[in-house]
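Could you work out the structure for the sequence below:
(one chain, ligands or ions: 2)
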Amino acid sequence: ARPIRIGRLVQMPSAGGRWTVAGWVRSLRVSGDVAFIVLNDGSTLAGLQLVLDRSRLPLFEEVCRIGTGAALRATGELVDSPAAGQRFELRVTELVQVGDAPADYPLQKKRHSFEYLRGIAHLRPRTTTYGAVFRLRSRLAQAIHRFFEERDFLWLHAPIITASDCEGAGELFRVTTLPPNGAPRNDGGEIDFSRDFFGRKTGLTVSGQLEAELFAQAFGNVYTFGPTFRAENSNTPRHAAEFWMIEPEMAFADLADVASLAEEFVRFLCRFALDSCPEEMTFFDRQIEPGLLARVRAVAEADFARMEYDEAIRHLERAPVSFQFPVQWGLDLQTEHERYLTETVVGGPLFVLNYPREIKAFYMRRNDDGRTVAAMDLLVPKVGEIIGGSQREERLDRLTERMAELEMDQAALWWYLDSRRWGSTPHAGFGLGFERLLMYLSGMENIRDVIPFPRTPRHAEF
Ligand code: 4AD
Ligand code: MG
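Ligands and ions are numbered 1, 2, ... in the order given. Next up, the predicted model:
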């Protein structure tokens, strides 16, 4: 019979029945004529305790030598457990070692540092912490689709290879075409990256927004959810070269509409995490960030604060703390500023609205004051910015004026400008960094620890 998932077994209403489970050994302890093995198959936090009795298992001596990390298949009876902290255990009558794990298995039953575990990204999903993180990640991804599906948003699969650099920050990874017999080399013997993608200059997408805008002008409400790439060589705990972004875009909508959507979305995801991953969230609360459950519950219920950029700057100028980076109207907010505003000034999530146009992307809608654009960032304690969004400049003349100021190639974006020529509407959208959200919900402090195989300047081996 196919093994039952341990996560299902430990949720059974009562003990009883004969079951087969399969998984990896977390620990083994022998006490006289009984061996105890904690087995986990990745479906649940604590795993299942197997109880092996010398009198029932002919190869008991061999069982006692099974290593941590070995793969086992076990059949037995589900009984109530006398031990604290677990409802059931499996009294094993048949045991097959499917895969051995010699004593040099890198995961032993002790606390390993996250730094050590990052170096063994192929094995760390077997640990309790990463197991919890990646189950949360998977379930949240499903919840994101559910949120938009329930609200009639169309899911757009935006291209990954694209010729447009949406954010215009020069953070593009170039895509080149190489001949089948290997990379062309220049005189210095190095790979020649000047070859382009079938004669066109392309890169990996930094955002699906421009494409989402086009689809919003046909379907009304759309969203993208996919990988995004940025060649920023920033070794921070919040930046990765490859991350996932969720980008809703709504036609016939303004900045306030899209801020409301963002608020509803984040609250929905907080509630979902609490309801659908109670085991994992409780674990994060105990082991990663004390007070996390109360914090996430509060966010799920709260009305998010809103503040104009002007006001944010005034708060920062008055702050009784000294910042590393300067504070001045016209400058972008740094993480330390974002954290001060959310942690000290409001004590929760905060929308900052209407930023100076000089520090924001070309596509944002110019406000009547002439010096700001209809931009919004959602900032949260500890993580800082998790959402960036805006109302888009839907007026062709304003848009081309801004592109000219920035000396942008308008011919290359002819298709984008077309969307302002025919049936243009006020529209707005935002991008939520999926990993930043995961950090916020799990309390994990490094983005490398919420990505299965992180792509950062130092981690791209796997
Ligand atoms: O603020 P950003 O750059 O906005 C955009 O890309 C817009 N086109 C979104 C839109 O309006 N449709 O990025 C959006 C979010 C950030 O708030 C952050 O959460 C995340 O994406 N993000 C990153 N996450 C991890 N690593 C990086 N290098 C990131 N850069 C941005
Ligand atoms: Mg941003």
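
ok, the residue nearest to Ala22 when sequence neighbours are not counted to ligand 1 distance?
Distance criterion Cβ to Cβ, 6 or more residues apart in numbering; nearest residue to Ala22, sequence neighbours excluded, is Pro3 at 4.0 Å. No exception for glycine: its C-beta is placed from N, CA and C like everyone else's. As for Pro3, its distance to ligand 1 is 37 Å (criterion: Cβ to the nearest ligand atom, to the nearest Å).

so is Pro3 in a helix, a strand, or just coil?
When classified by DSSP: H, G, I helix; E, B strand; the rest coil, Pro3 comes out as coil.

Could you do the one 4 residues further on as well?
Under the three-state scheme (three-state DSSP), the conformation of Gly7 reads as helix.

show me the contacts for the nearest residue to Arg458 once chain neighbours are set aside.
Leaving aside its chain neighbours, Arg458 sits nearest to Asn235 (7.2 Å; criterion: Cβ to Cβ, 6+ apart). Applying Cβ atoms under 8 Å, 6 or more residues apart in numbering, we find Asn235 in contact with 456-458.

Ile4 too?
19-21.

Kindly report the residues of this structure close to ligand 1.
Counting by Cβ under 6 Å from any ligand atom, the chain comes close to ligand 1 at 166-167, 207, 209, 230, 232, 239-240, 243, 245, 247, 385-390, 429-431, 433, 435-436, 447.

same thing but at 8 Å, please
Residues of the chain lying close to ligand 1 by Cβ under 8 Å from any ligand atom are 166-167, 169, 206-209, 212, 228, 230, 232, 234, 238-241, 243, 245, 247-249, 361, 377-378, 385-390, 429-437, 447.

Write the ChimeraX selection for whichever of those are buried.
The ChimeraX command for the buried members of the residues of the chain next to ligand 1 (criterion: 16 or more other Cβ atoms under 10 Å) is given here:
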select :166,167,206,207,208,209,212,228,230,232,238,239,240,241,243,245,247,248,249,361,377,378,385,386,387,388,389,390,429,430,431,432,433,434,435,436,437,447
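
The residues of the chain next to ligand 1 in strands, which ones?
228, 243, 245, 247-249, 377-378, 385-390, 429-433 (DSSP state E).

before we move on, the earlier item: nearest to ligand 1 among the contacts of Asn235?
If you rank the contacts of Asn235 by distance to ligand 1 using Cβ to the nearest ligand atom, Thr456 comes first, at 8.9 Å.

Skipping adjacent residues, who's closest to the closest one in space?
Thr456 sits nearest to Ala240 (Cβ to Cβ, 6+ apart), 5.3 Å away.

gap between that neighbour and Ser260?
Counting by Cβ to Cβ, to the nearest Å, the gap from Ala240 to Ser260 is 29 Å.

Would you mind pulling up the elements that the helix or strand of the chain with the lowest mean pLDDT packs against?
The weakest-scoring helix or strand in the chain, judged by mean pLDDT, DSSP states H and E, is strand 174-175 (a mean of 86). Under the contact definition 3 or more Cβ pairs under 8 Å, 6 or more residues apart in numbering; DSSP states H and E, strand 174-175 sits against strand 202-204.
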